[in-house]
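Engineer: Build me a model from this:
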Amino acid sequence: MIIRHVRPRLARTNTPALIEALGRDGFEGYASLFNVADGAGDIVAPGAFTRSLRRRPPQRVRLLYQHFAHEPLGVWEEIREDAKGLYVRGRLNAEVERAQEVASLLAQGALDGLSIGFRTIRARRDAATRTLLEIELWEISVVTFPLLAQSTVTAIGAKSDAAASLKRAAEAFRADNTPVIPGRASARGRGPRSVRSTAAASPGSPSLAAARLAGDDN
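Structural biologist: Residues are numbered from 1 along each chain as shown. Down below sits the predicted model:
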């Protein structure tokens, strides 16, 4: 008789933000999600940002703190639409005191919300919701309570060598804790598989709306 020791399956939990090889002071996430109603009943349609992104490159979309025009934090390096929503990748300015505080709070998980400031170009109203068909994007802020709770930072940066070391350690840990099930081949030797979890949404009722700028028909 062959007796195999089967290790218990490890529980997987969400983390405030993954540490990725984004470089020092870098972070990424989703500033908006398609076809998801926010706290005010607004729904962003796929493609709503397309024209705005063509006219305004990421560096001209301001990276702000809590929608305050006098508190820029750094620059956006990439803003694009994908199947999920509006993906963003930014870099905080390490010389700015507020940006240093935000970087520390992001790393701790105490702050992770993202919120857009925009002007509505075209929209369709229904009984309980408004579908935004075209948006002029002005700024994206790091906020405490985004109106769309799922709009969050999903990964923060570190030095590339440190991030790579942490990823290797995580992969080794997963490999060492792969359960061996009788009748099935071991997962070892197949190579690590990339696993990404998104940040947990901020708890509580949202208190900050996405900024509606001049000309919005809110």
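Engineer: How many residues are close by residue 81?
Structural biologist: Using other C-beta atoms under 10 Å as the criterion, residue 81 is surrounded by 17 other residues. To be clear about C-beta, it is placed using only N, CA and C from the backbone, and glycine gets the same treatment.
Engineer: contacting residues around it?
Structural biologist: By C-beta atoms under 8 Å, 6 or more residues apart in numbering, the contact list for residue 81 reads 46, 47, 49, 50, 53, 87.
Engineer: Can you tell me who it pairs with across the strands?
Structural biologist: Residue 81 forms beta bridges with residue 86, as assigned by DSSP bridges.
Engineer: Please report how far it lies from residue 101.
Structural biologist: Separation of residue 81 from residue 101 (C-beta to C-beta, to the nearest Å): 30 Å.
Engineer: And for residue 62?
Structural biologist: Taken as C-beta to C-beta, the span from residue 62 to residue 101 is 18 Å.
Engineer: you'd agree residue 36 is in a strand?
Structural biologist: No. Residue 36: not assigned to a strand; according to DSSP: H, G, I helix; E, B strand; the rest coil it is coil.
Engineer: Tell me who's in contact with it.
Structural biologist: The neighbours of residue 36, taking C-beta under 8 Å, 6+ apart as the test, are 43, 44, 85, 148, 150.
Engineer: just the helices in this protein please.
Structural biologist: 50-55, 97-108, 160-176 (DSSP state H).
Engineer: coming back round to it: mark which of the contacts of residue 36 are part of strands, please.
Structural biologist: Using DSSP state E, the members of these that fall in strands are 43, 44, 85.
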